[in-house]
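K.L.:
give me a model of this one.
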Amino acid sequence: IVIAAGLLFVWLLLFRTVHGASRKLRTTSDENARLRIALREPQQVEGFIGSSPAMQRVFHLARRVADSRANVLIRGESGTGKEMVARLIHAQSPRAAGPYILVNCAALPETLLEAEFFGVARGTATGVDARMGRFEQANGGTLFLDEIGEMSPPLQAKLLRVVQERVFERVGGREPIKVDVRLIAATNRDLEKAVATGEFRQDLFFRLNVVPLVLPPLRERMSDVPLLAELFRRRF
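P.N.:
Predicted structure coming up:
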């Protein structure tokens, strides 16, 4: 009986080992098949021209992060398509039916930018009516803060609270306003260097840089040049 039980135990152990190995082999085979398909058929995204590995990584990460609520920091040189990627993330997200609001942080002086962000309370000055800011307008959707690296340190401190708590007050007001906003920021500056020199708050940088997404310049994806050349040939 002892010998029979021992043989049965060994047989069960061998069965589990072979079955597990077979299952892992099938999983690996399926994954390899998916990879072969992905390599043979690069993702195509409306508005973008690019089948290079660098752009495929951007498309893949943008699609993956779209479903989350995490803040995204898009980095890259001017003209690499940061705002287009922000729109792509919004369009692929559960918030696609909600508003998509863009604020260019370099286009307005600090005093006006604060009102642009948070709005203005009624009675702040003679004849001034209440006005919603961009955070309120983006409630339930996505707020894209372009050129975030150009923001002044005092306004960075005010923005930090909203990034952390999604709560703010309008300029001249005291009533707290809570919003449900997905934040995407973009910059062409070296924010690590700006943090080191004190030009940009480290805590705000960490809050915004939850998911970093770097867009490559064209010189780093030269295999896309023929595709662009063909596009221009057809267009012109």
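
K.L.:
so how far is F144 from the most centrally placed residue in the chain?
P.N.:
Centroid-nearest residue in the chain, with C-alpha atoms, centre = their mean: V72, separated by 3.2 Å. V72 sits 9 Å away from F144, going by C-beta to C-beta, to the nearest Å. For the C-beta atoms, the positions are set from N, CA and C on the backbone; glycine is no exception.

K.L.:
got it, and V65?
P.N.:
Distance from V65 to F144, by C-beta to C-beta: 14 Å.

K.L.:
next helix or strand past whichever helix or strand K158 is part of?
P.N.:
Per DSSP states H and E, K158 falls inside helix 153-165. For helix 153-165, the succeeding helix or strand toward the C-terminus, using DSSP H and E, is strand 167-168.

K.L.:
quick check: mean pLDDT across that following strand?
P.N.:
Strand 167-168 shows a mean pLDDT of 94.

K.L.:
didn't F59 look like it was pressed against G47?
P.N.:
No - using C-beta atoms under 8 Å, F59 is not in contact with G47, being 11.2 Å away.

K.L.:
those two - which one has more neighbours?
P.N.:
A direct count of neighbours by other C-beta atoms under 10 Å for F59 and G47 places F59 higher, at 18 against 10.

K.L.:
run through this structure and note the low-pLDDT ranges.
P.N.:
1-46, 123, 125-127 (pLDDT under 70).

K.L.:
so where do the helices sit in it?
P.N.:
For the chain, the helices defined by DSSP state H cover 2-40, 53-66, 82-92, 110-118, 134-137, 153-165, 191-196, 202-208, 225-235.
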